[in-house]
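[1] Task: produce atomic coordinates for the following.
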Amino acid sequence: MTKNNREERSREARVRRLVTKSGFVLSKSRSRDQRSPDFGRYAIIDPDTNGTINPQIAQRWICSWTLDDVEAWLNE
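    Reported below is the predicted structural model:
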């Protein structure tokens, strides 16, 4: 595992903990196709409504935010 990969994983884990602390769930796209619009993106799920906080891409893909977007949302 490279240093950048480790840093990205620890960053994701930290953001995931913060989202969970806020009462939501962070979901990562399961897409493995790098050409897919939601590849490597995240969604914040409200467990009460099972809906997303972030907007969908083209009304189809729920994972539309990067980790930067999730962090910005947490800091609002």
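[2] can you give me the helices for this protein?
    In the chain, helices defined by DSSP state H lie at 3-21, 67-74, listed in chain order.
[3] in the last one, what's buried?
    Within helix 67-74, the residues that qualify as buried by neighbour count (16 or more other CB atoms under 10 Å) are 67, 70, 73. Bear in mind the C-beta positions are built from the backbone N, C-alpha and C, glycine included.
[4] which residues sit in contact with the last one?
    Shown here is residue 73, whose contacts under the criterion CB atoms under 8 Å, 6 or more residues apart in numbering are 44, 53, 54, 65.
[5] Lowest-confidence one in those residues?
    Across the set of the contacts of residue 73, residue 54 stands lowest in pLDDT, at 85.
[6] can I get the contacts of residue 73 in CSV with neighbour count and distance to residue 33?
    Supplementary listing: the contacts of residue 73 in CSV, determined by neighbours: other CB atoms under 10 Å; distance: CB to CB, whole Å:
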residue, neighbour count, distance to residue 33
44, 21, 23
53, 15, 25
54, 17, 20
65, 22, 18
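[7] Appreciated, that's everything.
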